[in-house]
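Peer 1: Here is the input, now give the coordinates:
(one chain, ligands or ions: 1)
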Amino acid sequence: MKTMHELNVPVPVKRSLVVRNNKEVSKEQREIALKETEYSMFSFPADMLVLDFLSDSGSTSMTDLQWASLFHGDESYGRNKGYYVLFEAIRDTFERGDDQKRAINLILSGETNVERLMDELYLKPHEGGFVNGGIHQLARPNAFLVPQGRCAEHLLFSTIAPILKERNPDIEYYIPNNGHFDTTEANIAANGMHPVNLFSVNLFEEFPPDQMDVKNPFKGNMDSKELIVFIENKGVDSIPLIYLTITNNTAAGQPVSLNNIKAISEIAQSYEIPLFLDACRFAENSFFIKEFEDNYKNYSILEIIKETFSYVDGFTISFKKDGLANIGGGLFFRDRGFFYNKFSDNGNIGTKLKEKQILTFGNDSYGGLSGRAIMSIAVGLYEVVKEQYLRERIRLVREFALKLSQKGVPVVLPAGGHAVYINVEKFFEGTDMKIDDFGGVGFSIELLKHYGIRACELGPFAFEWDKKTPEQRKGILNLVRFAIPRNVYDSSHINYAVAAITELYENRENIPKVEVSRGANLRLRHFQSGLQPNYSI
Ligand code: F0G
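Peer 2: Alright, predicted model coming up:
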């Protein structure tokens, strides 16, 4: 008798207890809505869709444990219960490996022993890590809750930019990354610094689809040789921070290896430059490390996370990713570490960040989040590091990419952790679609119109090819992204999407070219401008 894992079909790992029924919407109704929303993917009513792959951000289904935690949400203005619980959950997740304390259970179980609550939660001092506690968080603030990831980026860069300018007004500042997400890039640029991408050299190498379960080339890595060349060229004083994004969303959602994280950390330390993570999707990245990196096969996910974070001085994070929660973000840095020392010469950097946090988002107890949201994030941190959940999550993304490639649809391989990307240039090979005809946009419009499926072009339209110099254009990939919300879809949804995409692929001659009909010069235009597909051609 075969064991359950030998049956050669995935073992179900969850069941649905709440159902949202799709509306029955006709193609004609979608056509009307598309016209009325100027063919903008961001403006199309979500309630009229069959499948929504626009983003994996905030679109997760919460688990029963998260829903239950909402009742513990405390909406007090100062030091709600969730503040303590979430900060403990962050210490548990990022610093303690398998040795979690789970003080959250005191709240979830309704502990009434006040001495115990004071000793183990409310007044317990912590120092030296990413989240000071008790009196130390007041003296040296180093943990900042905010509404979402980009708020953490704004907080960080808008606070360090004036410090750097005051220190040396004549120098240009650069922030290297393995792949800046667009909001990170925009926050750096808006504060007068230069974002730089040092993509891995193997990013565009071919990969055999049938090897996705067997090996992974970690195409999300930073090019460490280029980093050294870059630092030597620009000079250490020009580089206030180095960033690593795990997983690398901009590079087709590819994972970053622990070897690479360690190597970049050694380089950063040797030049005394603080290293930060953009930790969105840290759990999915850790699963790839466990699955494919030789030295880590026998590590637990939590031990891999602990080691990952041991190499860095701080991190920004969006709690909307990784299946954590529907909202939330944060900025954390190591108490009295490199970052603290580098930016505290003229007053404690933590106090400056806290001042801005209070001015912009809300006081440090809640940072613009509801007490209910804070509880859901805290519980989410324990949910998303479960290996069984992660295995199924990554498997489904991989199934999507594999099925598309078996139908001949060109996708970026191997699949990353949160999305499948169609290679638009290859998709239109042999047709007269040119790069400034925005074929990826035309494809997305047709997919939505005929099949009710929403995806997102991340190519010449989103990255504004027509407005860039020939040199800048080289950095633009031509992709359509299908980001997969967590715990929402299963194989039946994937099968429908694969059938629809394949049908369009086979009829790609009929996909219209698209013009930007309004707002071609708007900033971050793909959220704002109007489009017109040219059906007459
Ligand atoms: N960093 C990365 C790597 C991201 O993918 C995102 C968001 C952010 C930062 C910003 O976080 O949205 O909470 O402000 N990515 C979403 C996406 C929007 O669809 O890829 P946020």
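Peer 1: what pairs with the residue of the stretch 201-350 of the chain found nearest the ligand across the strands?
Peer 2: Closest contact between the stretch 201-350 of the chain and the ligand, by CB to the nearest ligand atom, is at residue 318 (3.1 Å). All C-beta atoms are positioned from the backbone trio N, CA, C, and that covers glycine. Beta bridges link residue 318 to residue 329 when assigned by DSSP bridges.
Peer 1: hang on, isn't it packed against residue 331?
Peer 2: No - assessed by CB atoms under 8 Å, residue 318 is found out of contact with residue 331, at 11.0 Å.
Peer 1: quick one: common contacting residues for the two?
Peer 2: Listed as contacting both residue 318 and residue 331 by CB atoms under 8 Å, 6 or more residues apart in numbering are residue 152.
Peer 1: Spell out which parts of the stretch 51-200 of the chain neighbour the ligand.
Peer 2: When proximity is defined as CB under 6 Å from any ligand atom, the stretch 51-200 of the chain approaches the ligand at 55, 57, 148, 149, 150, 181, 183, 184.
Peer 1: Give me the neighbour count for the last one.
Peer 2: Right, the one you point to is residue 184. Here the number of neighbours of residue 184 (other CB atoms under 10 Å) works out to 27.
Peer 1: Give me the local confidence score for it.
Peer 2: Model confidence at residue 184, expressed as pLDDT, equals 93.
Peer 1: In contact with it, which residues?
Peer 2: 150, 153, 177, 195, 243, 245, 278, 316 are the contacts of residue 184 under CB under 8 Å, 6+ apart.
Peer 1: What are the phi and psi values at the residue nearest to residue 334 when sequence neighbours are not counted?
Peer 2: Counting by CB to CB, 6 or more residues apart in numbering, residue 313 is the residue found nearest to residue 334 once chain neighbours are left out, at 5.1 Å. For residue 313, the backbone dihedrals are phi -90, psi -20 (criterion: degrees, to the nearest 10).
Peer 1: burial count for residue 313?
Peer 2: With other CB under 10 Å as criterion, residue 313 counts 24.
Peer 1: rewinding a little: which members of the contacts of residue 184 occur in helices, if any?
Peer 2: 150, 153 (DSSP state H).
Peer 1: Going by neighbour count, which residues of the helix or strand hosting residue 504 are buried?
Peer 2: In this structure, residue 504 sits in helix 491-506 according to DSSP states H and E. By 16 or more other CB atoms under 10 Å, the buried positions in helix 491-506 come out as 493, 494, 496, 497, 498, 500, 501, 502, 504, 505.
Peer 1: CA atoms only: put stretch 42-51 into PDB for me.
Peer 2: This file holds the C-alpha atoms of stretch 42-51, laid out as PDB (Å, rounded to 0.1, in the frame of the first residue of the first chain):
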ATOM      1  CA  PHE A  42      -6.400  49.100 -11.200                       C
ATOM      2  CA  SER A  43      -9.800  50.800 -11.700                       C
ATOM      3  CA  PHE A  44     -11.900  47.700 -12.700                       C
ATOM      4  CA  PRO A  45     -14.400  46.700 -10.100                       C
ATOM      5  CA  ALA A  46     -13.000  43.600  -8.300                       C
ATOM      6  CA  ASP A  47     -16.500  42.300  -7.500                       C
ATOM      7  CA  MET A  48     -17.000  41.700 -11.300                       C
ATOM      8  CA  LEU A  49     -14.000  39.300 -11.600                       C
ATOM      9  CA  VAL A  50     -13.700  35.600 -11.700                       C
ATOM     10  CA  LEU A  51     -10.000  35.500 -10.700                       C
END
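Peer 1: need the contact list for the nearest residue to residue 322 once chain neighbours are set aside.
Peer 2: Spatial nearest neighbour of residue 322, excluding adjacent residues (CB to CB, 6+ apart): residue 283 at 4.7 Å. Applying CB under 8 Å, 6+ apart, we find residue 283 in contact with 301, 305, 322, 323, 384, 385, 390.
Peer 1: Looking at those, state which has the most neighbours.
Peer 2: Counting by other CB under 10 Å, top hit in those: residue 322 with 30 neighbours.
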